[in-house]
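In: coords below, sequence missing:
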């Protein structure tokens, strides 16, 4: 009976000139759309330059699921083993503090792919088309002189996507 129903639906769809296609399920929960962190970065960078004149960005982290808060970690060659963390919510600095941190940084690249484009690339990987993303982070790899997006899923996996060409 089920086979006859499926066959009937297939032929019915064809007889009316329409193709029947399955729509893949949408991702459930998690982060779906995020604006660029550029405006928040400009605010955070100004504050970091008050901390150290050679402050360079090392890491960017999305602080909430709707993209309204970003946390930036800056490093300085002058101030070894220290970093400066600035959280920006909207157009306001919500916190700024020195932290223990080690690494090298660079300015936020103007040619970085957007968070949405990074999530789209992650969804193109087999097995992740419907994953719920719960965290976005862009990190600078000083040895490679390359920025990467890290996209964390609800299951705990992190997908790495090149952020710059």
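Out: Cool, got the structure. Here the structure is a predicted model, which means the values were calculated and not measured.
In: which residues touch the residue most central in space within the chain?
Out: Within the chain, the residue whose C-alpha comes closest to the C-alpha centroid is residue 136; the distance, by Cα atoms, centre = their mean, is 3.5 Å. For residue 136, the contacting residues are 31, 34, 61-62, 115, 118-119, 149-152, by Cβ atoms under 8 Å, 6 or more residues apart in numbering. From N, CA and C alone the C-beta is placed, and that goes for glycine too.
In: inside strands: which ones of those residues?
Out: Using DSSP state E, the members of those that fall in strands are 61-62, 149-152.
In: would CSV of those with pLDDT, distance to residue 100 and neighbour count be doable?
Out: Written out in CSV, the entries for the ones in strands among the contacts of residue 136 read as follows (pLDDT from 0 to 100; distance: Cβ to Cβ, whole Å; neighbours: other Cβ atoms under 10 Å):
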residue, pLDDT, distance to residue 100, neighbour count
61, 93, 17, 18
62, 88, 22, 23
149, 95, 25, 25
150, 95, 21, 18
151, 94, 26, 26
152, 93, 23, 20
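In: mind telling me the two of the residues you listed farthest from one another?
Out: Spatially, the most separated pair among the ones in strands among the contacts of residue 136 is 61 and 151, at 11.8 Å (Cβ to Cβ).
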